[in-house]
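Novice: just need the structure, nothing else, for what follows:
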Amino acid sequence: MAEKSKIVRTDTPKLRTSPSVVLLESKRGFRAFEVDHRKIYALNPAAVIVLELADGTRTKSELIETIIPLVGREKADRCSAWIDSAIDMRLLIEHSGRQPSTGPDARALAEIADEMRWNDDVETAYLLQRRAAEMDSGDPEQWYRLAELAHIMGDRETARTAYERYAEHHPEDAEVRHILIALRGEAFPARASDDCIEQIYRKFAEFYESNMCDDLLYRAPDHLAAALGPWLKGTRTLDTVDLGCGTGLFGTRLRPWCRRLVGVDLSPAMLEKASERNVYDELTCAEITSWLSEQEGESFDLITCCDTLIYFGDLTEVISVAVARLKPGGVLGFTLEKTERQPLELADSGRFRHHRSHVGAAARAAGANVIRIDEKVLRREYGDDVVGLVSVLQKKDTPAGKRPRRPPGA
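Specialist: Now for the predicted structure:
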């Protein structure tokens, strides 16, 4: 009986880069992000060339022969082995002859970037979002997302460019306008605008406390309460105003010391949250400098500003008008973000940072003594400590030279 003929395949499959693979370029080199399994692979230059050439028109051997002039024949075996591993990892797939499926669009990449960000892989999120913005450059939301991630990564140039692209579509965005002042190195204003503050906290109010206290380990209220503690010990009869009271986090610490407690804030959304606490006798929506100026004839034992003056540049005016509303011997307590640059700077976050010497100068101009300035970690931000100045000033008694009085009830 005649031996059966063997069927020999002579067609060799052609290879193409998987549509689920996104090539990303970073300062540390190229990466391949495999979308389906959320895996990222570092690539050497030869691997990048293979993935760029694998368009479904070449077999494995043809890919190797194409790149040998670029990498040298001595690396042919290594290229062959990498191609095999890339097939196993699904970075490369066999070309079936059908129209290849398309990869993720810009919106899908942005959603994946958001997922990676909240999984604490900020670098991959940043690279994916940059690719998404490049793919859909007409969508301002893609540029806004990129700007935020670039800021976290410390890429100021990309953050500036991305915010500018976003601002072309949304010139009304007061917060972005303010941040761009810092990123461009422009002369900064006396303080963040009312529109800027109201916009920030309109978006932030709903999750402010969970974000600050749980995610960022917010300690400013604790530190300010501790700094004021020795002066307040034993009293229960203070007339107090909490400027920039927000949701009332610091108001809860003030309440036991106060006969009357007033809260003032520029954000209606934050005041609505504060009202739910029922710790304030009065709540007023106003810009604090204007409100203080309008209180002529009324005076307080204690004025506090917990994480409020970070939106003011030169503190001279706001501290002077606050001290003017204090009774002789009254106390002003506040927190600031610290800088080593004298006298102050506008950070890329849009918040001001102050040097301790500026606190002293503003206190002297206002007719107050510096009781203490403590350096404390106020919270965490992007994995780093935010160091602040926890400051307590006391209005000088009159006549000059009289010993500063203790608070009522002390």
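Novice: please name the bridge partners of D55.
Specialist: Under DSSP bridges, the beta-bridge partners of D55 are R16.
Novice: measure the nearest residue to V359 once chain neighbours are set aside to A363 for me?
Specialist: Of all residues not flanking V359 in the chain, S391 sits nearest, at 5.3 Å (Cβ to Cβ, 6 or more residues apart in numbering). No exception for glycine: its C-beta is placed from N, CA and C like everyone else's. Relative to A363, S391 is positioned 8 Å away (Cβ to Cβ, to the nearest Å).
Novice: sorry, back to before: what strands flank the helix or strand containing the residue nearest to V359, and is each parallel or antiparallel?
Specialist: Following DSSP states H and E, one finds S391 within strand 384-395. Using DSSP bridges, strand 384-395 pairs in its sheet with strand 326-338 (antiparallel), strand 368-381 (antiparallel).
Novice: and among the ones you listed, the most buried is which?
Specialist: Using mean count of other Cβ atoms under 10 Å, the stretch among the strands paired with strand 384-395 with the largest mean neighbour count is strand 326-338, at a mean of 23.
Novice: distance from it to the middle of the chain?
Specialist: Averaged C-alpha coordinates place strand 326-338 at 27 Å from its chain's average position (Cα atoms, centre = their mean, to the nearest Å).
Novice: avg pLDDT for it?
Specialist: Strand 326-338 shows a mean pLDDT of 97.
Novice: sheet partners, orientation included, of the next helix-or-strand element following it?
Specialist: Using DSSP H and E, the next helix or strand after strand 326-338 towards the C-terminus is strand 344-346. Looking at strand 344-346 with DSSP bridges, its partner strands are strand 352-354 (antiparallel).
Novice: so how far is the strand it pairs with off the chain centroid?
Specialist: Put simply, strand 352-354 sits 16 Å off its chain's centre (Cα atoms, centre = their mean).
Novice: give me the residues contacting it.
Specialist: With Cβ atoms under 8 Å, 6 or more residues apart in numbering as the test, strand 352-354 has contacts from 188, 191, 309-313, 315, 336-339, 341, 343-347, 389.
Novice: swap the cut-off to 7 Å and go again
Specialist: 310-313, 315, 336-339, 344-347, 389 (Cβ atoms under 7 Å, 6 or more residues apart in numbering).
Novice: next: stretch 320-331.
Specialist: 228, 231, 289, 292-293, 295, 298-303, 332, 365-368, 392-395, 397-398, 404-405.
Novice: go with 6 Å
Specialist: Residues outside stretch 320-331 that contact it (Cβ atoms under 6 Å, 6 or more residues apart in numbering): 231, 289, 292-293, 295, 299-303, 332, 366, 368, 394-395, 397-398, 404-405.
Novice: please spell out which residues along the host helix or strand of A76 are buried.
Specialist: Counting by DSSP H and E, the element that carries A76 is helix 76-88. The neighbour-count check on helix 76-88 (16 or more other Cβ atoms under 10 Å) flags 79, 82-83, 86-87 as buried.
Novice: same check on stretch 52-65?
Specialist: 53-54, 56, 58, 60, 63-64.
Novice: any chance of the residues you listed in TSV, with secondary structure too?
Specialist: Shown next, in TSV, are the buried residues of stretch 52-65 (DSSP: H, G, I helix; E, B strand; the rest coil):
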residue	secondary structure
L53	helix
A54	coil
G56	strand
R58	strand
K60	helix
L63	helix
I64	helix
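Novice: remind me which residues of the stretch 1-150 of the chain are low pLDDT?
Specialist: Scanning the stretch 1-150 of the chain for pLDDT under 70 picks out the ranges 1-11, 96-101.
Novice: about what we covered before: can you select the buried ones among the contacts of stretch 320-331 for me in PyMOL?
Specialist: Selection of buried members from the contacts of stretch 320-331 for PyMOL, criterion 16+ other Cβ under 10 Å:
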select buried, resi 231+289+292+300+301+302+303+332+366+368+394+395+397
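Novice: can you list contacts of the next helix or strand after the helix holding A76?
Specialist: Helices and strands here follow DSSP H and E; after helix 76-88, the next one along the chain is strand 92-95. Around strand 92-95, the neighbours that count as contacts under Cβ under 6 Å, 6+ apart are 13-16, 18, 54, 56, 86.
Novice: and the gap between E287 and K60?
Specialist: From E287 across to K60, the span is 69 Å (Cβ to Cβ).
Novice: tell me how far stretch 294-301 lies from the chain's centre.
Specialist: With Cα atoms, centre = their mean, you get 36 Å for stretch 294-301.
Novice: what's the end-to-end length of that stretch?
Specialist: Using Cα to Cα, to the nearest Å, the span of stretch 294-301 from its first residue to its last is 17 Å.
Novice: pLDDT averaged over it, what's the number?
Specialist: pLDDT averaged over stretch 294-301 gives 92.
Novice: quick one: the helix or strand containing T304 to strand 384-395, angle?
Specialist: Element membership for T304 (DSSP H and E) is strand 300-305. With axes from the mean of the first three to the mean of the last three Cα atoms, to 10 degrees as the basis, strand 300-305 and strand 384-395 are set at 160 degrees to each other.
Novice: report the angle between the following helix or strand past strand 300-305 and strand 384-395.
Specialist: Remark: after strand 300-305, the chain's next helix or strand is helix 316-324, criterion DSSP H and E. Angle, helix 316-324 to strand 384-395, by the same axes, to 10 degrees: 50 degrees.
Novice: for helix 316-324, list the C-alpha coordinates in CSV.
Specialist: Below are the C-alpha coordinates for helix 316-324, written out as CSV (Å, rounded to 0.1, in the frame of the first residue of the first chain):
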residue,chain,number,x,y,z
THR,A,316,0.1,92.4,56.2
GLU,A,317,-3.4,93.7,55.3
VAL,A,318,-5.4,90.6,56.4
ILE,A,319,-3.4,90.3,59.7
SER,A,320,-3.7,94.0,60.4
VAL,A,321,-7.5,94.1,59.9
ALA,A,322,-7.8,90.9,62.0
VAL,A,323,-5.8,92.3,64.9
ALA,A,324,-7.8,95.5,64.7
